[in-house]
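**Student:** The following block contains a protein sequence and its predicted model.
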Amino acid sequence: MRAVVQRVSRGRVIVDGQPVGEIGRGLVAFVAVERDDTDSDVAWLADKLVHLRIFDDEAGRLNRSVADVQGSVLLVSNFTVAGDASRGRRPGFERAAPAAEARAWLEALKEAVAARGVPVATGSFGQSMQVLVECDGPVTLVVERRR
């Protein structure tokens, strides 16, 4: 799994003019499931999202997690995050998992984050979404497990 994670003041996903997922302070994670992902990748990313220390402490240092600040996570499925744009002008998406597999892994990720005590909202898998993100900082990271 690969994710682009943004610290936000709020995030919202709209499909066909209707909100489908919304959070206040927390993280928006644009997540791509890759072909060789496993249960351990889901657990790893859930732990990373919940415990990544990218919120300010009292001294203004990035030393608190979304769990520490009682924030939420908005998971947005985004196969393009698995894209490879290193050659040519058109990215390749060979690393992205097939839709049915990706849907199941993203649901598992949602459950894993929630099981760690952090509220989770989601976008709508496979739909064209408007994602409204109010970045805080901005703090934006690419999070992926190296193999």
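**Tutor:** Nice, I can see it. Numbering: from 1, shown residues only.

**Student:** Centre-most residue in this structure?
**Tutor:** When CA atoms, centre = their mean is applied to the chain, the residue found nearest the centroid is Ala29 (1.9 Å).

**Student:** isn't that residue right up against Val4?
**Tutor:** Yes: at 7.3 Å, Ala29 and Val4 qualify as touching, with contact defined as CB atoms under 8 Å. Placement of C-beta: from N, CA and C, glycine included.

**Student:** what do the two both touch?
**Tutor:** Val143 (CB atoms under 8 Å, 6 or more residues apart in numbering).

**Student:** just to revisit the earlier point, name the SS class of the residue nearest to the centre of the chain, please.
**Tutor:** strand (DSSP: H, G, I helix; E, B strand; the rest coil).

**Student:** Number the residues from 599 up from this point.
**Tutor:** All right, first residue 599 from here; so that's Ala627.

**Student:** for it, what are its contacts?
**Tutor:** 601-604, 647, 671-674, 741.

**Student:** That one pairs with what?
**Tutor:** Assessed by DSSP bridges, Ala627 has beta-bridge partners Val603, Leu673.

**Student:** what comes up buried for stretch 698-706?
**Tutor:** Neighbour-count burial for stretch 698-706, with 16 or more other CB atoms under 10 Å as criterion, is recorded at 700, 703-704, 706.

**Student:** Could you pull up the contacting residues of Gln673?
**Tutor:** Small correction: residue 673 is Leu, not Gln. 627, 629, 704, 707-708, 711, 718-721.

**Student:** do Pro717 as well
**Tutor:** Here Pro717 is in contact with 621, 670-671 (CB under 8 Å, 6+ apart).

**Student:** again, only this time at 10 Å
**Tutor:** Shown in contact with Pro717 (CB atoms under 10 Å, 6 or more residues apart in numbering): 621-622, 624, 664, 668-672, 711.

**Student:** Let's see which of the residues you listed end up in helices.
**Tutor:** Counted as lying in helices by DSSP state H, out of the contacts of Pro717, are Val711.
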